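**Student:** okay, here's the prediction I keep looking at, along with the sequence it came from:
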Amino acid sequence: MLILGIETSCDETAAALVHDDGRVLCSVVSSQVDLHRPMGGVVPEIASREHLRLILPVIREALSGASVKLGDVDGIAVTRGPGLVGALLVGVQTAKSLAWALGRPVVGVHHLVGHMNAPFLIDGDAEPISHPFVALVASGGHTSLFEVASRDSIRTLGRTRDDAAGEALDKGAKLLGLGYPGGPAIERVASSYDGPPAEPFPRGLRAKRELDFSFSGLKTALADRVRREGDLDDASRAAICRAYEEAIVDSLVTKSLEACRVTGLTRLVVSGGVAANARLRSEMIRRASGRGIDVHVPPARYCTDNAAMIALAGAPALESGRSEAFDLAAAPYLPVPEQIS
């Protein structure tokens, strides 16, 4: 089954052609980072208008890259939520229009379920993986832990009670004058530091069995330190970046490994935009290896938002013959489904 995936939940306009076994024919992502950088973050209205401008050219590029025609598509999968409502509407309405014109089925996909499917994508360098596993999804808008028993069964283990890890990185970079997007900026500056450790930052919700996350207190601690220390030279800023990144990475790693202990699972998937952070990858693998846990991280291009993961996540519903052509609606606050059919 050849599936067209469409993703417009935030500030990436993406389309992909994927077979239902995970083989990626073409994945195209058009980023809006340069457009939003002057504002220091994503502006929803601007993002929506840019999606409207780019969605059809991106789909055409994906079709061309896959060397297929629109009529060759067997079904369409689109992100219906969560996300920015205006951005989601562009993707959902485009998918429904194409489905109607082609007479093809269309299904809505939960954005986080898409991230959980990213490790199953096949395009040459994917690691083999199978169910069940614990999944950490960490991005600019989400930080959650899940027990994924099968492609149809998901149980939420923990989630952030306030800010997402990626949001904490973005706001931290802004406080430190590093610009947007914050995650890559903090990673770059932190990796350049080789001096003595700075004063450590607090970790939220440190109770041993606690699987929820909290990063709002960490941001407050950073704001207090920046205010206390005044003008920062390059070395001081780098030392603070290193300590701040360490606090976020430590929280993500500690709770992910605890989730594996609680569930008894020895397979851990790390996905979402924050999973592209090199320190998170290395620390997760280093600490997990001592506990006999196998860590699977998708290639960086599939950690960030993309439509290939959405296409694959929609495959089970399309294979079952389901279609939501005229009932499908954007859902900006969509909860993660525990049963997927």
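**Tutor:** That came in fine, so what should we check first?

**Student:** hey, let's count contacts and neighbours off CA atoms from now on
**Tutor:** Will do.

**Student:** list the beta-bridge partners for Gly158.
**Tutor:** Gly158 forms beta bridges with Leu145, as assigned by DSSP bridges.

**Student:** so it is in contact with Arg209, correct?
**Tutor:** No. Between Gly158 and Arg209 there is no contact under C-alpha atoms under 8 Å: 10.7 Å.

**Student:** show me the contacts for the residue nearest the centre of the chain.
**Tutor:** The structure's the chain has its C-alpha centroid closest to Gly272; by C-alpha atoms, centre = their mean the separation is 2.5 Å. Contact analysis of Gly272 by C-alpha atoms under 8 Å, 6 or more residues apart in numbering lists 115, 137-139, 303-305.

**Student:** how about 10 Å then?
**Tutor:** For Gly272, the contact set (C-alpha atoms under 10 Å, 6 or more residues apart in numbering) comprises 112, 114-116, 118, 136-143, 166, 297-298, 300, 302-305.

**Student:** the helix or strand containing Val107 - contacts with which helices or strands?
**Tutor:** Per DSSP states H and E, Val107 falls inside strand 106-110. Judged by 3 or more C-alpha pairs under 10 Å, 6 or more residues apart in numbering; DSSP states H and E, strand 106-110 is in contact with strand 2-7, strand 75-81, helix 85-102, helix 308-313, helix 315-319.

**Student:** the strand or helix carrying Val226 packs against which elements?
**Tutor:** With secondary structure defined by DSSP H and E, Val226 is part of helix 216-229. On a contact count with 3+ C-alpha pairs under 10 Å, 6+ apart, helix 216-229 meets helix 165-175, helix 234-263.

**Student:** now render those as JSON lines, adding distance to Ala101, mean neighbour count and mean pLDDT.
**Tutor:** Shown next, in JSON lines, are those (distance: least, C-alpha to C-alpha, whole Å; neighbours: other C-alpha atoms under 10 Å; pLDDT from 0 to 100):
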{"stretch": "helix 165-175", "distance to Ala101": "38", "mean neighbour count": "23", "mean pLDDT": "94"}
{"stretch": "helix 234-263", "distance to Ala101": "44", "mean neighbour count": "20", "mean pLDDT": "96"}
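
**Student:** save those helices as a markdown table, and put in distance to Thr79 too.
**Tutor:** As requested, the helices and strands packed on helix 216-229 are exported to a markdown table (distance: least, C-alpha to C-alpha, whole Å):
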| stretch | distance to Thr79 |
| --- | --- |
| helix 165-175 | 20 |
| helix 234-263 | 25 |
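
**Student:** which one of the ones you listed lies closest to Asp20?
**Tutor:** helix 234-263 (28.6 Å; C-alpha to C-alpha).

**Student:** and the residue nearest to Lys96 when sequence neighbours are not counted, how many neighbours?
**Tutor:** Spatial nearest neighbour of Lys96, excluding adjacent residues (C-alpha to C-alpha, 6 or more residues apart in numbering): Ala325 at 5.6 Å. When neighbours are defined as other C-alpha atoms under 10 Å, Ala325 has 22 of them.

**Student:** now tell me which helix or strand of the chain has the poorest mean pLDDT.
**Tutor:** Within the chain, no helix or strand scores below helix 33-36, which has a mean of 88 by mean pLDDT, DSSP states H and E.

**Student:** where does this protein dip in pLDDT?
**Tutor:** 124-128, 208, 339-341 (pLDDT under 70).

**Student:** hmm, back to that, among the contacts of Gly272, the buried ones, what's the ChimeraX command?
**Tutor:** A single ChimeraX command is used to select the members of these judged buried by 16 or more other C-alpha atoms under 10 Å:
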select :112,114,115,116,118,136,137,138,139,140,141,142,143,166,297,298,302,303,304,305
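
**Student:** so which of the contacts of Gly272 sit within helices?
**Tutor:** Of those, the ones assigned to helices by DSSP state H are 112, 114-116, 166, 300, 302-303.

**Student:** returning to that earlier point: let me know which of the helices and strands packed on strand 106-110 is tucked in deepest.
**Tutor:** helix 308-313 (a mean of 34; mean count of other C-alpha atoms under 10 Å).

**Student:** and that helix, what does it pack against?
**Tutor:** Using 3+ C-alpha pairs under 10 Å, 6+ apart, helix 308-313 sits against strand 2-7, strand 12-19, strand 24-31, strand 75-81, strand 106-110, helix 111-117, helix 300-303.

**Student:** just want the angle from the fourth one to strand 2-7.
**Tutor:** For the pair strand 75-81 and strand 2-7, the angle between their directions (axes from the mean of the first three to the mean of the last three C-alpha atoms, to 10 degrees) equals 20 degrees.

**Student:** who are the packing partners of strand 75-81?
**Tutor:** Checking 3+ C-alpha pairs under 10 Å, 6+ apart, strand 75-81 ends up next to strand 2-7, strand 12-19, helix 85-102, strand 106-110, helix 111-117, helix 308-313, helix 315-319.
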